[in-house]
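Trainee: here is a sequence together with a model predicted from it:
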Amino acid sequence: MKETKEARLSELKYFNEDTLYTIAVFESDTEQFYAVGYMPRPMVGRRYELTGEWTVHPRYGEQFAFSSYEEPEPATSDGILSFLASGIIKGVGPSTAAAIVKAFGDEALKIIAETPDRLTEVSGIGKVKAAAIAESYAEHREYANTVMALSALDLTPAACMKLYRAFGSAASDIVRQNPYQLIASVPGFGFRRADKIAEKIGYDPSSPFRIKSGFKYCLEALAAEGHTYYPRAEFTERCAAFLDVSREQVEDALVELAMEGDIFAENLAGEEIVQLWRYRRAEQKVAGRLYALCHASLSHVSGNAANLIRASELESGLKLSEQQKGAVLASLQSGVCVITGGPGTGKTTIINTILKILKAEGVPTALAAPTGRAAKRMTEATGEEARTIHRLLEYYYEEESDEMRFGKTAEDPLEVGCVIVDEMSMVDILLMEGLLSAVRDGTRLILVGDADQLPSVGAGNVLKDILESDTVHSVRLTEIFRQAAESLIVVNAHRINRGEYPSWNEKGKDFFFLERRREPDIQALIRDLVAVRLPAYYADCSPLTDIQVLTPTKKGLLGSVALNKVLQEVLNPPAPGKEERAFGERIYREGDKVMQNKNDYMLPWRDIRDFTTGMGVFNGDLGIVQTVDRDAGTVSVLFDGCRLATYDAANLEELEPAFAMTVHKSQGSEFPVVVMPAARFAPMLATRNLLYTAVTRARKGAVLAGMPEAVYAMVDNNDISARYSGLDERLKAMWGFSDDF
């Protein structure tokens, strides 16, 4: 229940200038209490009116979490003296404050505001200093009045501060004039927030500004679901329903946005579509660059390619299959080659063979993957350094535009003769655009991945579109090698992919099923498997780092949120001396397994091995909480056993528990042992390719727990949600009209 408390800030425990997050001790006439919230200019000694509610931290006890505050101006001489002496007014320290109050008493602030020339009556204050004091006080009042006006729109102090920094005293007028202009001009303001403000001030819901903003928001939301475009008629209907306006009004907005260059409307493969301009540009550019790379002259390798392969076989002692030899030959002879296949089909052997040949030929080669975990796996498999695509392209922050940029571009391309990218199913269209921009003509590009896995989290369906376009040279591997065929994980993965039911619990094999009928029983079984049974069965597997629970969903008893709470209790329970911090509904505890849930290119880290520093932690990176600093409100996490990054209130929401994770989040990873619940999940989640992706994450053991019929239903459900992406059509058009390119 919300309440308002008036109290004096007696001790500032923590303040972050960037995020404005504040932890402080307040004192009133009757109590002393901790308060947490966002306050742009907390000053010790000042009195505040805080509005919020009491919360109970599981470790630190009762706290007053304030959502808004006011700073009433003092009316008495003592209050004015405290205010002026606090340092909030430039040029006024304790002695000057005392002199001003002695001269003017309760009228001091009125004098400063209305007749500042009278300040020269105070010894030590000349005309210049008097003007400076008046200007600083006016700025303070302007800020306070602006924040108060903005707070009336239910904006947080942090949001008010952003607006004040952007627009100054005009912030309130600008917001009320057109809240939708904030979306483009103020970081962190999206359509929903602007729409909430608009509703608060009675803004016309049929305003063209609102409809155009809502139009772009709807396309952005669809891009977040993976679509690079959407059918025009269906989109118009959806957008009109969302905004509660007519389809005609949405069509009018479409015309204006197309003229302004924000969106593109065209006919693609006989269908009218709408598309955000950046996705059309990306698809066109990717198609064009692939065409150029495919038709560019390559640096020749000396000798006969077949002889080079034979020499590599003799050196490594590995005999390649005809399919593998074909993939190596195609990679050496083609500007672009796609190699796709499931587990056990020899993709790593092919990459290693290509690397040996190119290294012997003196061709510099770059290895890359979409995520840090996938790059680490690639390094381990090849013995050569692999980097994330972002690191390969030297991602950096450009202060002038307040955007992230690639350092490697067409103007400053990658200085290599070959680029090999693994886990291509995870690469979205915007990342592919950035990569191809930095690959110069004549460079071999080899794209490796499993087209049957789940598609990228970002918009697009790059690997699948390239394969379906039948334009770029591609090799699909189907043969399972003898050693891999001994693994029931590999065999079952291919069975699932063919629509066949997996087998399990064969003696001496690595694929298990344990039946339970009720969700609480399945949850209890998973807890027991991870904490007790599997560590006993696999003696060299740590329950914290080597056993990973995967689930189709976030919600419910068998979702990642609930499973994380259960597993945290058993794998990393509270203990004396083990610090923790509550943040929303999550508790971060020293020793917790956590995962970064978004790309944060500006987050600094330090390598604990050699004390070098760097920036950037990426979506899907796994780490262990090392320290929790209660007073500073920070959490330090060690990623990959070497990179230490520190989080505070501004970015702590980027961390989520990772004892359990969704199958989507596991893409690009491998774990010694995978455990997954099998229950009645929503059909859109319980699909064949999701089960296939989960199973192929396991290296030593895969365990399904639940109902057999749930597994059979997933295998039968090959109804993959349609993802609208236009790269395949643009590739076909590029090849079909190559004479005009």
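Mentor: The structure has been received and is ready for your questions.
Trainee: now do the helix or strand harbouring E569: distance to the chain's middle.
Mentor: Using DSSP states H and E, E569 falls within helix 560-571. A distance of 22 Å separates the centroid of the chain from that of helix 560-571, by C-alpha atoms, centre = their mean, to the nearest Å.
Trainee: which residues touch that helix?
Mentor: The contact list for helix 560-571 (C-beta atoms under 8 Å, 6 or more residues apart in numbering) reads 523, 526-527, 530-531, 543-544, 549, 551, 553-556, 587, 589, 592-593, 656-662, 677. To be clear about C-beta, it is placed using only N, CA and C from the backbone, and glycine gets the same treatment.
Trainee: quick one: buried ones out of those residues?
Mentor: 523, 526-527, 530-531, 543-544, 549, 551, 553-554, 556, 587, 589, 592-593, 656-662, 677 (16 or more other C-beta atoms under 10 Å).
Trainee: next, give phi and psi for F681.
Mentor: phi -90, psi 160 (degrees, to the nearest 10).
Trainee: pretty sure it contacts A710?
Mentor: Yes - judged on C-beta atoms under 8 Å, F681 makes contact with A710 at a distance of 7.4 Å.
Trainee: more neighbours, those two?
Mentor: Each of F681 and A710 has its neighbours counted (other C-beta atoms under 10 Å); F681 has more, 22 against 17.
Trainee: against F618, how distant is that one?
Mentor: From F681 over to F618 the distance is 28 Å, taken as C-beta to C-beta, to the nearest Å.
Trainee: D546 now?
Mentor: Noted for D546: a distance of 22 Å to F618, by C-beta to C-beta.
Trainee: check L81 too.
Mentor: According to C-beta to C-beta, L81 stands 52 Å off from F618.
Trainee: ok, those two, which is more surrounded?
Mentor: Just comparing L81 and F618: by other C-beta under 10 Å the higher neighbour count belongs to F618, 22 against 18.
Trainee: which residues are in contact with the more buried one?
Mentor: Per C-beta under 8 Å, 6+ apart, neighbours of F618: T371, G372, T388, H390, Q596, N599, D600.
Trainee: if we can go back for a sec, now, the contacts of helix 560-571 that are in strands?
Mentor: Of the contacts of helix 560-571, the ones assigned to strands by DSSP state E are V549, T551, I587, R589, K593, E656, P657, A660, M661, T662, P677.
Trainee: what mean pLDDT does stretch 417-425 get?
Mentor: Across stretch 417-425, the average pLDDT comes to 95.
Trainee: what does the pLDDT read for the nearest residue to H295 once chain neighbours are set aside?
Mentor: Counting by C-beta to C-beta, 6 or more residues apart in numbering, G335 is the residue found nearest to H295 once chain neighbours are left out, at 6.8 Å. In this prediction, G335 carries a pLDDT score of 95.
Trainee: check which helix or strand covers R280.
Mentor: Using DSSP H and E, R280 sits within helix 277-294.
Trainee: can you point out the buried residues in that helix?
Mentor: Applying 16+ other C-beta under 10 Å to helix 277-294 flags 278-280, 282-287, 289-294 as buried.
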